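Asks: give me a 3D structure for the following:
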Amino acid sequence: MARSARTSEISKAKAAASARPAPRAEEGQDAIQLRSLQLAHEAESRYRASDEELLHFYEQMVLIRRFEEKAGQLYGLGLIGGFCHLYIGQEAVAVGVQSALDPARDSVITGYRDHGHMLAYGIDPKVIMAELTGRAAGISRGKGGSMHMFSVEHKFYGGHGIVGAQVSLGTGLAFAHKYRGDGGACVAYFGDGAANQGQVYESFNMASLWQLPIVYVVENNGYAMGTAVRRGSAETHFYRRGTAFRIPGLPVNGMDVLEVRRATDIAIAYVRAGNGPVLLEFNTYRYRGHSMSDPAKYRTREEVQEMREKHDPIDHARDELLKRGVAEDAIKAIDKKLRSVVTEAADFAENSPEPDLCELGTDVLVESY
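Replies: Below is the predicted model:
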């Protein structure tokens, strides 16, 4: 192309650009709104926990870790059947989020990696372990197993095996909170893999349109089953996924329980004020495979070891407690107590009876039958 022709094309492009209307004022306001939560988090990124609170967070995380380790052992012994997805490594997310909620009015829903969330909500480890082993004393009467736990009493609505299904159901729970005017909010957890499901974005759209009180939580552990995030997602910053629906997002270190708690406080305050949904992305890591049947050969031992040694949420909380002057004996006493709690839960499950055969036909229909 001749130089004069190129100059003419450039001139036309500049003229076209200058002819475009200036951004509307509300577009600038939208940008500020979408960034507002990030700015609040940057101003103060960690929750100011007392020694007692941090010790409680530590205890909850250790309980989840020991419980999941025991579940892995029972699975290996054949006492747990079907799928079993462990939460080892991600404990700070469930503990940090749940600690910010009001169990009297807030609801929670998640996917199939659900044991840790239930423990963080204060549900008895015995009934959770009994459910894992398919016993009648289980929280879902032994019918749900690892993936389908449920507690209306605790406003914990699963435990769902269909990838991403809980996002739409959680949006419905949020609609119920708004419809009833009970002041509650819903937290809907899902993973980085589920973030690519279509129903997630239909839910985002409805929640934003109706300004529903819901916090969408992406637990980004780096791998959707065996596929690394960078191989399966064009946009790997999941907190940005709600931008098209005017949903503010916030990226958070999911390996720091105090940072998780602070981010959740910000999000919950926002949705309770009637501003609509929030999207939180907790960058975390699972040490085990996707499920107990996954050998996790898609990543190196060195990668896992580095996360364990440098980023473990429990070690991080323990170190902070020691720096605050909490006695090491007190921390060791917690560890010892929780090992006994988990052992008792396993013994309770093993010694509990299986459901009667007549239970096969119950809990199928809502109506009387």
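Asks: now the residue most central in space within the chain: phi and psi?
Replies: Taking Cα atoms, centre = their mean, the centroid of the chain lies closest to Y189, which sits 4.1 Å from it. Main-chain torsions, Y189, degrees, to the nearest 10: phi -90, psi 140.
Asks: show me what contacts it?
Replies: Contact partners of Y189, counting by Cβ atoms under 8 Å, 6 or more residues apart in numbering, are V97, V108, I109, T110, G111, H117, Q166, V217, E219. Placement of C-beta: from N, CA and C, glycine included.
Asks: surely the first one meets T264?
Replies: What that stands for is V97. Yes. Using Cβ atoms under 8 Å, V97 is in contact with T264, at 4.9 Å.
Asks: about what we covered before: between the contacts of Y189, which is nearest L258?
Replies: V97 (12.3 Å; Cβ to Cβ).
Asks: what's the pLDDT at that closest one?
Replies: With respect to pLDDT, V97 has a value of 98.
Asks: what's the neighbour count on it?
Replies: Neighbour count for V97, taken as other Cβ atoms under 10 Å: 28.
Asks: cool, A346 as well?
Replies: 22.
Asks: now do the SS call for it.
Replies: At A346 the chain is in helix, as set by DSSP: H, G, I helix; E, B strand; the rest coil.
Asks: show me what contacts it?
Replies: Counting by Cβ under 8 Å, 6+ apart, A346 touches K70, L74, M129.
Asks: now the last one: how far from A40?
Replies: Distance of M129 to A40, computed by Cβ to Cβ, to the nearest Å: 39 Å.
Asks: ok, back up a step: of the contacts of A346, which belong to helices?
Replies: K70, L74, M129 (DSSP state H).
Asks: how about these in JSON lines, adding distance to M255, pLDDT and neighbour count?
Replies: JSON lines is the format used below for the ones in helices among the contacts of A346 (distance: Cβ to Cβ, whole Å; pLDDT from 0 to 100; neighbours: other Cβ atoms under 10 Å):
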{"residue": "K70", "distance to M255": "23", "pLDDT": "97", "neighbour count": "19"}
{"residue": "L74", "distance to M255": "27", "pLDDT": "96", "neighbour count": "17"}
{"residue": "M129", "distance to M255": "26", "pLDDT": "97", "neighbour count": "29"}
